[in-house]
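Asks: What would the 3D arrangement of this be:
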Amino acid sequence: MEKMRRGGAWALGIGMFLLYFAALLAIVHVVGTDAGLYHRLQMEAGILPEAGISEEELISLDGSLADYLAGDSSALDASPFNERERTHMADCYDLFVLLRRVLLICGALAAALLLLAGIRFGCRNYARGALFGALAFLGAILLLGLWGAIDFDSLFTAFHHLLFTNDLWLLDPRTDLLIRICPQSMFMNMALRIALSELGFIALVNLICRAAPALLRRNK
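Replies: Coordinates of the predicted model:
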């Protein structure tokens, strides 16, 4: 019986961890394909004087970038980007394709584990599993957050070295429009939005898991 309970706790914990990770990927996708957010952060950074394009052109280009990362492979065909920028964006396109696939896999695995654990051990243990998964997930996120708070440049560089097999992401503002319209402050604000949204999701899941058993007992 003790082994079964332990197995159920692990199933719930892993299921919740995968749920949180799937939610993080979904949030990254939403934020990373939000043309309106691009524009708002670009205007806050005051990029237009250095960008060399008008605000109307910027809005159109933001829409093309968002559509491209969302899966429209032809969205940048008419863009003013040079060959280096287009190749880098092709790498980004592949990353977002991979993101969507991993999101589906993690979501399916999380649903299967949580459903199995619920059937075998009951929903009263969901609160414990949600907390266990949250602590493990937030521990990893906290380490990254501390790294970014101390030295965002090194985290940003390490992130790119991990995701890309080339140095095409090292763009030159003198020749590359992409880096002029996407300042570092834009990525920092997007990362903060992603982190806060993920924390909100985790808090909501834990609240629901704690409240659900009491509500079910009351209804019975």
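Asks: which element is Leu103 on?
Replies: Secondary structure assignment for Leu103, by DSSP states H and E: helix 83-121.
Asks: same question for whichever helix or strand comes after that helix, mean pLDDT?
Replies: The first helix or strand that comes after helix 83-121 along the chain, using DSSP H and E, is helix 126-150. For helix 126-150, the per-residue pLDDT values average out at 76.
Asks: what's the least confident helix or strand in the chain, going by average pLDDT?
Replies: Among the helices and strands of the chain, helix 126-150 carries the lowest confidence by mean pLDDT, DSSP states H and E, at a mean of 76.
Asks: so what secondary structure elements neighbour that helix?
Replies: Taking 3 or more C-beta pairs under 8 Å, 6 or more residues apart in numbering; DSSP states H and E as the contact definition, the neighbouring helices and strands of helix 126-150 are helix 2-32, helix 83-121, helix 152-163, helix 184-219. In short, each C-beta sits where N, CA and C put it, glycine included.
Asks: sorry, back to before: from the chain's centre, how far out does the helix holding Leu103 sit?
Replies: Computed by C-alpha atoms, centre = their mean, to the nearest Å, the chain-centroid distance of helix 83-121 equals 10 Å.
Asks: likewise stretch 169-188?
Replies: Chain-centre distance of stretch 169-188: 20 Å, with C-alpha atoms, centre = their mean.
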